[in-house]
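Provided below for reference: sequence and predicted model.
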Amino acid sequence: MRNKYLGSVAPLALLFTLVSMTFTAAYLKNSFSQTAMEKYRYSEWKALYAAEAGLHKVGVVVLPKISGDTLLLPDGVEYGKDENDEYFGQYKDIDCKTELQENSTRKRYVAQATGVAEYTTPNGNDVSIERTVFTTMVPRGFEEFMYFTNEEVPIGPGNTGTVNFGSNDVLEGKVHSNGQMVMSIYGCPEFTGDVNITHEAIEEFGSGITGGDCENSFLDEEGNSIIDTVSTIIFPPDNSAEVARANATHTFSADDMLWRVGKKDTMIMTEINFVEGGFWVAQWWYNIPPVGSPAVEYDFIWDSLSAGLNCEISGVHFGPDNEYDYFDSTYYENILVLSATDASGNFVQSEIISMVNTGDVIRVQNTIGSRIATFTATNAIPLGPDRIMITYDNASFYYSSLNGNGFNDNEPITFINTSATTGLAGDVEWNSFYYYHDHLDNGAAYCEAGRIQHFDFEYWNYGGISGTNCDIFSCPSIIYNSDYAYGSRL
């Protein structure tokens, strides 16, 4: 008898083999893909790191110094070493440029760098990956502050030596002082923005704010302090001048008068007007009007030996006794006697008599100003053909001497009438009233806020064409080609 057996072992074994091969193939494919992906991601990060390195090593270093769009290292520079002692990648195309901020006239500085990394795929293909990063810098400027000072020290005559913030001061915006701010004891100011004081001021003075009890001035509506303690801000930056000079394509001297040979120099104002295709450069004699004519003064020699109404030639003295009181350090006299001839040999009798009026303040001083006498004149009359007598009010007399002595015999003396009407100097340009006022000279009108304020006169509208509505904007060639400007379009 023949027995016939039907089995499923072989088909099942074949089936399991096929399934196993399918899973193996899928696994290998996935592993292959994962390996390729990991290599890609690793290289991508290497490209980013290389780009960051280029930005740090080159971009941010060069960026503050550029004067225009600049492209550096277009061929690339190898960067770093990996675990196999091979170059990590390279950075290239360091692009530095400036652009205007939106709705602003301020510039921002932009630098971007490209990093490159290469790898070989499992298939043996060479792949290059590039990634670009960028940074933006915005320089800090004074426009950030409503009020900024390096120190709270006033300048000029008549100041008290201290800047006080009082009840009449309303400061709307950010306030910063590198020095110590002093509050008035008679009222407190109002601040509507942050108030910066510095660590350095606190260290030097013990406090960045002193004076009156004005704590509430430094609180906002919710009772929070608006005081911010920061480090000293240096303006301008230490290297600003060097950076400007290093990148300048044209330089202009600003400490001499380039086209006014032989004429007296004053302040120099250099104006640059940028136009399409170049710029105009003009330099002006910037002597702020009104400029008066020289003071009315005459030189004499002090005569300490004559008395009464007598006087040496070119001499001057107090009378009638011509005696100095060493106990009170002053002169107790009531007249001043002068020679009709000054120290230069000029006959000045008629000039002085006609120039001195009742109420004029007279000053008599030595050359260096270490001895000064002042008084109010009551009359000036001739004493014959060779002398002058000026009477004065004793109560108005004041004498000052650094060493406590009177004038020395034969000491050079200057006689000055500080009240003399001298008018405007005729040889000073732009010295007419309408160049530094924009209202009538009637004694009642005045300069309004936002308009010409004495030194904001329209210098560009001069040169023989004033009143023709021609200025540096409407007809620059006429202005800049006149005798009042230096330079030409470049």
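Looks like it arrived, so ask away. These numbers were taken from a predicted model, which means no experiment stands behind them.

Arg205 contacts Gln180, doesn't it?
One correction, residue 205 is Phe, not Arg. Yes: the pair Phe205 / Gln180 is scored as a contact, 4.5 Å apart, by C-beta atoms under 8 Å. Quick note: C-beta positions are derived from backbone N, CA and C, even for glycine.

those two: who's more crowded?
Gln180 (21 against 14; other C-beta atoms under 10 Å).

can I assume that one is in contact with Gly211?
No: between Gln180 and Gly211 there is no contact under C-beta under 8 Å: 9.2 Å.

what about the helices in this structure?
Remark: helices assigned in the chain by DSSP state H are 9-54, 60-62, 199-205, 240-247, 349-355, 433-436, 476-480.

and the second one, what does it pack against?
When contacts are defined as 3 or more C-beta pairs under 8 Å, 6 or more residues apart in numbering; DSSP states H and E, helix 60-62 sits against none of the other helices and strands.

returning to that earlier point: rank the helices of the chain by pLDDT, which is bottom?
The minimum mean pLDDT among the helices of the chain belongs to helix 433-436 (a mean of 63).

give me the contact list for stretch 392-404.
326, 329-336, 362, 370-378 (C-beta atoms under 8 Å, 6 or more residues apart in numbering).

for stretch 350-368, that is, sorry about that
Counting by C-beta under 8 Å, 6+ apart, 296, 298, 302, 316, 336, 338, 371-382, 388, 390, 392, 407-408, 411-420 sit against stretch 350-368.

Pro74 touches Tyr91, doesn't it?
No: here Pro74 does not reach Tyr91: they are 11.3 Å apart, not a contact under C-beta under 8 Å.

please identify which of the two sits among more neighbours.
Tyr91 (28 against 10).

gap between the closest residue to the more buried one other than its chain neighbours and Thr132?
Nearest residue to Tyr91 in three dimensions, chain neighbours excluded: Gly54, at 2.8 Å (C-beta to C-beta, 6 or more residues apart in numbering). Taking C-beta to C-beta, to the nearest Å as the measure, Gly54 and Thr132 are separated by 10 Å.

circling back: what's the burial count for the residue nearest to Tyr91?
Neighbours around Gly54, by other C-beta under 10 Å: 29.

what's near enough to touch it?
Leu73, Val77, Tyr79, Tyr91, Lys92, Ile94, Ala113, Thr114, Gly115.

what about 7 Å?
Taking C-beta atoms under 7 Å, 6 or more residues apart in numbering, we find Gly54 in contact with Tyr91, Ile94, Ala113, Gly115.

over to Thr136?
With contact set as C-beta under 7 Å, 6+ apart, Thr136 has these partners: Arg108, Val110.

so Pro74 sits against Lys92, correct?
Yes: counting by C-beta atoms under 7 Å, Pro74 touches Lys92, with 6.3 Å between them.

and for Thr135, nearest residue in space, chain neighbours not counted?
With sequence-adjacent residues excluded and distances taken as C-beta to C-beta, 6+ apart, Thr135 is closest to Ala111, at 5.6 Å.

and the one you found, how far from Ala117?
Taking C-beta to C-beta as the measure, Ala111 falls 20 Å from Ala117.

any idea how far apart the tips of stretch 96-108 sit?
With C-alpha to C-alpha, to the nearest Å as the measure, stretch 96-108 spans 11 Å from end to end.

start the count at 26, not 1, going forward
Sure, I'll start counting at 26 from here, so that last one is stretch 121-133.

list the buried residues of it.
For stretch 121-133, the neighbour count (16 or more other C-beta atoms under 10 Å) marks Cys121, Lys122 as buried.

which residues does it contact?
Residues from elsewhere that reach stretch 121-133, judged by C-beta under 7 Å, 6+ apart: 84, 87-88, 91, 94-95, 134-136, 161-163, 166.

what does stretch 365-374 give?
Under C-beta under 7 Å, 6+ apart, the answer for stretch 365-374 is Tyr323, Asp324, Phe325, Ile326, Ile338, Ser339, Pro407, Pro410, Asp411, Arg412, Ile413, Pro437.

contacts only, for the first one.
Taking C-beta under 7 Å, 6+ apart, we find Tyr323 in contact with Asp367, Val373, Ile377, Phe440.

closest one of those residues to Tyr65?
Ranked by distance to Tyr65 (C-beta to C-beta), the contacts of Tyr323 are led by Phe440 at 95.0 Å.

could you name every residue contacting both of Gly79 and Thr157?
Joint contacts of Gly79 and Thr157 (C-beta under 7 Å, 6+ apart) are Ala138.

and the closest residue to Gln137 other than its chain neighbours, how close does it get to Arg133?
Using C-beta to C-beta, 6+ apart and skipping residues adjacent in sequence, the residue nearest Gln137 is Phe159, 3.6 Å away. Distance from Phe159 to Arg133, counting by C-beta to C-beta: 11 Å.

re earlier: could you flag which of the contacts of stretch 417-429 are buried?
Taking 16+ other C-beta under 10 Å as the criterion, what is buried in the contacts of stretch 417-429 is 355-356, 358, 360-361, 387, 396-403.

out of the residues you listed, who's nearest Asp346?
Closest to Asp346, out of all of these and judged by C-beta to C-beta, is Glu358, at 6.5 Å.

ok now do the closest residue to the closest one other than its chain neighbours, which residues does it touch?
Excluding the flanking residues, the one nearest Glu358 by C-beta to C-beta, 6+ apart is Phe343, at 3.9 Å. Residues near Phe343 by C-beta under 7 Å, 6+ apart: Tyr356, Glu358, Leu361.

please name the bridge partners of the last one.
Beta-bridge partners for Leu361, by DSSP bridges, are Phe343, Ile415.

do you know how far it is from Phe400?
Distance from Leu361 to Phe400, by C-beta to C-beta: 8 Å.

same deal with the second one?
From Glu358 over to Phe400 the distance is 10 Å, taken as C-beta to C-beta.

and for the first one?
Computed as C-beta to C-beta, the Tyr356 to Phe400 distance reads 10 Å.

low-confidence bits of the stretch 376-515 of the chain, can you list those?
446-463, 468, 471-498, 504-515 (pLDDT under 70).

please enumerate the strands of it.
386-391, 396-408, 412-417, 423-426, 437-442 (DSSP state E, counting those that start in this stretch).

relative to Cys213, which of those is closest?
With C-beta to C-beta, the closest approach to Cys213 among the strands of the stretch 376-515 of the chain belongs to strand 423-426: 39.0 Å.

buried sites along stretch 107-123?
Per 16+ other C-beta under 10 Å, stretch 107-123 contains these buried residues: Tyr112, Phe113, Gly114, Gln115, Tyr116, Lys117, Asp118, Ile119, Asp120, Cys121, Lys122.

next one, pLDDT for Thr160 please.
You'll see Thr160 listed with a pLDDT of 91.

what's the distance between it and Trp327?
Note on Thr160: its distance to Trp327, by C-beta to C-beta, is 73 Å.

quick one, which of the two is more surrounded?
Trp327 (21 against 15).

residue contacts, Ala78?
Tyr104, Tyr116 are the contacts of Ala78 under C-beta under 7 Å, 6+ apart.

next one: it from Val389, what distance?
76 Å.

Glu108 too?
Distance of Glu108 to Val389, computed by C-beta to C-beta: 92 Å.

now swap in Asn430 and tell me
Taken as C-beta to C-beta, the span from Asn430 to Val389 is 15 Å.

which residues does Thr235 bridge with?
Bridge pairing for Thr235 - DSSP bridges - gives Val207.

number of nearby residues for it?
Using other C-beta under 10 Å, the number of residues around Thr235 comes to 11.

burial measure for Gly198, as a count.
Using other C-beta under 10 Å, Gly198 has 12 neighbouring residues.
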